[in-house]
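*Asks:* generate a structure from the sequence data that follows.
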Amino acid sequence: MKDKFYQYIQELQNTITSKLEAVDGKAKFQEDLWKRPEGGGGRTRVIENGNIFEKGGVNISAVHGELPEAMRLHFGVKDANFFACGLSLVLHPNNPMVPTVHANWRYFEMYDTHGNIVESWFGGGQDLTPYYLFEDDAKHFHQTCKTACNKHNPEFYSKYKERCDEYFYNSHRNEARGIGGLFFDYCKASKAMSMENWFNFVTDVGDSFLEAYVPIVKKRKGLPFTEAQRTWQEIRRGRYVEFNLVHDKGTLFGLKTNGRIESILMSLPPHVQWVYNHHPEVGSEEEKLINVLQKPRTWV
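*Replies:* All right, here's what the predicted structure looks like:
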C-alpha cells in the first residue's frame, strides 16, 4: 500500500503543478530534491511571483525510521519504527479576491521491533481560505468535495466537513481559518472499509482538487482590488500563519521528526501584517467574512 500510494502522489504532484503553471501563465515551479538523514526524503516544488500566485508549494515526501520520542509518547508505544508519505500544498494568490487554498493527502504505517505493521491509516483533506466571501465559490468548492465523498459513503461529506470546521479553527481568536472543506484522519481498516477502500476514497478526493479550486481562480483572477483590500488580505494571512504555527498537527509532526524546515514552512505567505486590535468596519465586506468565520455555515 505504501508503494502504491507514493506512486499516486508522485503522479498527482505532476498533474497539479503542470495545471497551475498553465493557469498562472508566467511563473514556473522550482524543484528541490532532498534527503532526510534518518531515512527518506522528498520532492519540493515552489512557485513564486507569478501572474496569479504570489507564493505556493506542492510538496511530496516519504520518510521513515525510528519513531521520535514525542511521537512514541503520543501513540503510547515504547519502541517503534514508522513510514509516512504524503502530498501537501498551499497556494497564496496575489489578488485578495482569489482565495488561498490548502490540501493534504497522506498515509502512515507504524511497525513493531520485528518490522510487522501494527498500525496504518490514511488522512487528508482540502480547505479554502477566502479574503472576501463569494458564496458561489464556497458552494462550488463544497459541492466538489461532496461529490467526491458521495462515491464512497453518503455520510462522509457531512462528517468530514464538520471535522474540518472543528480542526481549522483558531481557538485563541474564536474564528475559523477559512470556510472549510474536508478533513479526515486515522482512516483505518474496518468491516465497512478496507485499506483498499480508503485508498480509493482518498485518491478520489485528491483527484477532485483541481476541479474544486481552478474554476474559482479563473473566475476571480481579473477582479480589481484596492490597496486597502490588499492590506486586509495581509492581515488575514497573519491568522493563517497563527494557525499553522500554533495548532497544525502536520507542522508539529514535521518539526518533531526532524523534517525539512524549508518544506514545512513553505505554507507561510511572503507578505503578512499583524495590526494591533484590528476590527473591520461595521457592515463591510470584511465584516461579512468574519461573521461567517465565527459561525461555520452549511454550503451545500
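
*Asks:* strands of this protein, start to end?
*Replies:* Along the chain, the stretches classed as strands by DSSP state E are 30-35, 40-48, 53-66, 81-93, 100-111, 117-129, 169-170, 175-176, 180-187.

*Asks:* redo the ones you listed as JSON lines? Include mean neighbour count.
*Replies:* Heads up, the C-betas are built off the backbone N, CA and C, glycines and all. Output for the strands of the chain, formatted as JSON lines (neighbours: other Cβ atoms under 10 Å):
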{"stretch": "strand 30-35", "mean neighbour count": "12"}
{"stretch": "strand 40-48", "mean neighbour count": "19"}
{"stretch": "strand 53-66", "mean neighbour count": "22"}
{"stretch": "strand 81-93", "mean neighbour count": "23"}
{"stretch": "strand 100-111", "mean neighbour count": "22"}
{"stretch": "strand 117-129", "mean neighbour count": "21"}
{"stretch": "strand 169-170", "mean neighbour count": "17"}
{"stretch": "strand 175-176", "mean neighbour count": "21"}
{"stretch": "strand 180-187", "mean neighbour count": "22"}
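
*Asks:* list the contacts of residue 121.
*Replies:* 107, 108, 185, 186, 187, 188, 198 (Cβ atoms under 8 Å, 6 or more residues apart in numbering).

*Asks:* list the buried residues for the longest helix belonging to the chain?
*Replies:* In the chain, assigned by DSSP state H, the helix with the most residues is helix 195-220. Across helix 195-220, burial judged by 16 or more other Cβ atoms under 10 Å covers 195, 198-199, 201-203, 205-206, 208-210, 212-214, 216-217, 220.

*Asks:* ok, back up a step: and of the contacts of residue 121, the nearest to residue 80?
*Replies:* In terms of Cβ to Cβ, no member of those lies closer to residue 80 than residue 108, at 11.6 Å.

*Asks:* quick one: the closest one and residue 83 touch, right?
*Replies:* Yes. With contact defined as Cβ atoms under 8 Å, residue 108 counts as touching residue 83 (7.2 Å).

*Asks:* which strand residues bridge residue 83?
*Replies:* Residue 83 has the following beta-bridge partners by DSSP bridges: residue 64, residue 109.

*Asks:* point out where this structure drops to low pLDDT.
*Replies:* 257 (pLDDT under 70).

*Asks:* what do you get if the cut-off is 80, keeping everything else the same?
*Replies:* Low-confidence segments of the chain, defined by pLDDT under 80: 68-79, 250, 252-259.

*Asks:* which residue is nearest the middle of it?
*Replies:* The centroid of the chain falls nearest to residue 103 when counting by Cα atoms, centre = their mean (2.7 Å).

*Asks:* list the contacts of the nearest residue to that residue once chain neighbours are set aside.
*Replies:* Nearest non-adjacent residue to residue 103, counting by Cβ to Cβ, 6 or more residues apart in numbering: residue 126, 3.8 Å away. The neighbours of residue 126, taking Cβ under 8 Å, 6+ apart as the test, are 101, 102, 103, 104, 145, 181, 182, 205, 208, 209, 212, 213.

*Asks:* what do you get for residue 189?
*Replies:* So residue 189 contacts 120, 195, 198 (Cβ under 8 Å, 6+ apart).

*Asks:* excluding sequence neighbours, find me the nearest residue to the second one.
*Replies:* Going back to what we said before, that points to residue 195. residue 189 (4.9 Å).

*Asks:* can you report phi and psi for the one you found?
*Replies:* phi -60, psi 140 (degrees, to the nearest 10).

*Asks:* same question, residue 132
*Replies:* phi -130, psi 140.

*Asks:* can you tell me which of the contacts of residue 121 is nearest residue 251?
*Replies:* Each of the contacts of residue 121 was scored against residue 251 by Cβ to Cβ, and residue 185 proved nearest at 14.6 Å.

*Asks:* how about the closest one: what's its closest non-neighbour residue?
*Replies:* Going by Cβ to Cβ, 6+ apart, residue 185 has residue 123 as its nearest residue, at 3.9 Å.
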